[in-house]
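Engineer: for reference, the sequence and a predicted model appear below.
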Amino acid sequence: MDDAGDLRQAARARAYSIPIEEIKPADPELFRSDTLWPYFERLRAENPIHYAVDDEAGPYWSVTKFADIMDVDSNHQAFSSERSITLFDPDEDFQLPMFIAMDPPKHDAQRKTVSPIVSPHNLMTLEPIIRERAAKILDDLPIGEELNWVDKVSIELTTMTLATLFDFPWEDRRKLTRWSDVATASVDSGIIESEEQRRAELFECVDYFLRLWEERKAQPPRNDLISMLVHGESTKDMDRMEYLGNLILLIVGGNDTTRNTISGSILALNQNPDQYAKLRANPDLIPSMVSETIRWQTPLAYMRRTATQDVQLRDKLIRKGDKVLMWYVSGNRDEEAIHDPNRYDIERERPRHHMSFGFGIHRCVGNRLAELQLKIIWEEILRRFPVIQVTGEPRRVYSSFVRGYEYLPVRIEKRL
């Protein structure tokens, strides 16, 4: 057995041997080592509404089954997004309001301001632009050499798309990647060394965007996210911190999620060569493969809510003010909701039956754009390469929130 196999076997033994109250689902190491699965499997079976205490963030509830997550996510009256969508509360002197962490009516008004960017009409306009860029990225890849797929393809395509949505200066587009990483990284991740560094870099982000704000303010309304925020009734008077909060939401939402699913698709197909063979034989399976990969990857592992009142969930009483984590990554592997959920199956009967985009009023606004980018990159891959071979273990992000990759070594031996 290889080292990764040994690690998984040890994780399974530990997950079932320790007292269940000692399981800490939000431990980032479980995600970096990809050993989370047996812990969530046990929670779903034995204690689907689970109480744990994080050393830094304090106590939290974990909701681990598909139906329960749907119930919480669809009930914004009892489970509020205010305060934070992650386990950690923001510092009092560094509050970052953003519409995903708001309740109606303010949430609805701000979301409505930016939603035209992902309208069906705008996606039709974006499709040929994304396709042209995907083609160039793939045509520039070296043949017969190992390369980091995360950097060369996943980050590059999604950052280009994000820069277009913001009409962001092209030569500086990798700043968006950096700010996305900084916004979600912990001090232990190797991305930042301190909270002071995070703040300094995020202030650099908002100051850069404030210059763009002033430019767009002096111009007639245009079809980019900054112009939409500048001229939107519910967003035009945002202060600096609320602007930064919404920028982080749009940057992370438009970047982290899609790029990690693009990387995840290469990994999943290599780990399941029978599925890769099916896809090469029948490219019409791409839309189904895309949805199955979004489920299999679950690029955002959870979202947090805060109870606004005492609520009974199954046999547990959740008190007003308690933190509640909806583990999408667990719901997507729930045996009662999805047939054979640990199998990666690109011919799944209902491939879009997953919870990676959330439910209710906070359902991912850019879900169709994410699917479009994945569809296009795979259409272009299958036109060019007989196979893309993963040549080593991926290096995963140290985070229980973003399920992602820092490094994925691949080799392309030849072109079609």
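Structural biologist: It's in.
Engineer: so where do the helices sit in the stretch 251-400 of the chain?
Structural biologist: Along the stretch 251-400 of the chain, counting by DSSP state H, counting those that start in this stretch, helices occupy 273-281, 286-297, 328-331, 367-384.
Engineer: with the stretch 1-150 of the chain instead?
Structural biologist: Using DSSP H, counting those that start in this stretch, helices in the stretch 1-150 of the chain cover 3-17, 28-32, 37-46, 66-73, 106-114, 120-139, 149.
Engineer: what's the most buried one of these?
Structural biologist: Ranked by mean neighbour count under mean count of other Cβ atoms under 10 Å, the helices of the stretch 1-150 of the chain are led by helix 149, which reaches a mean of 25. (Glycine included, C-beta is placed from N, CA and C.)
Engineer: so which of the helices of the stretch 251-400 of the chain is nearest Glu413?
Structural biologist: For these, distance to Glu413 was read as Cβ to Cβ. The smallest value, 12.3 Å, belongs to helix 367-384.
Engineer: for the stretch 51-200 of the chain, give me the ranges with low pLDDT.
Structural biologist: When residues are selected by pLDDT under 70, those of the stretch 51-200 of the chain lie in 92-107, 109.
Engineer: closest one to Tyr328 among the helices of the stretch 1-150 of the chain?
Structural biologist: Taking Cβ to Cβ as the criterion, helix 66-73 is the member of the helices of the stretch 1-150 of the chain that comes nearest to Tyr328, at 6.8 Å.
Engineer: list of residues touching that closest one?
Structural biologist: Counting by Cβ atoms under 8 Å, 6 or more residues apart in numbering, the neighbours of helix 66-73 from elsewhere in the structure are 48-49, 63, 79, 303, 305, 313-314, 324, 326-328, 331-332, 334, 336-338, 355, 358-360, 362.
Engineer: strands - which of those residues land there?
Structural biologist: Within these, membership in strands is found for Ile49, Val63, Phe79, Met303, Arg305, Leu313, Val324, Met326, Trp327, as judged by DSSP state E.
Engineer: and stretch 293-306, how far from the chain's centre?
Structural biologist: Stretch 293-306 has its average C-alpha position 6 Å from the chain's average C-alpha position, going by Cα atoms, centre = their mean, to the nearest Å.
Engineer: likewise stretch 59-79?
Structural biologist: Shown here is stretch 59-79, whose average C-alpha point lies 18 Å from the average C-alpha point of the whole chain (Cα atoms, centre = their mean).
Engineer: also stretch 378-395?
Structural biologist: With Cα atoms, centre = their mean as the basis, the mean position of stretch 378-395 lies at 21 Å from the chain mean.
Engineer: and that stretch, which residues are buried?
Structural biologist: Taking 16 or more other Cβ atoms under 10 Å as the neighbour-count basis, stretch 378-395 is seen to contain the buried residues Trp378, Glu380, Ile381, Phe385, Val387, Ile388, Val390, Pro394.
Engineer: and if you look at stretch 234-241?
Structural biologist: Within stretch 234-241, the residues scored as buried using 16+ other Cβ under 10 Å are Ser234, Thr235, Met238, Met241.
Engineer: enumerate every residue touching the third one.
Structural biologist: Yep, that's Met238 we're talking about. The neighbours of Met238, taking Cβ under 8 Å, 6+ apart as the test, are Leu229, Asn246.
Engineer: make sure it is indeed in a helix.
Structural biologist: No: according to DSSP: H, G, I helix; E, B strand; the rest coil, the state of Met238 is coil, so it is not within a helix.
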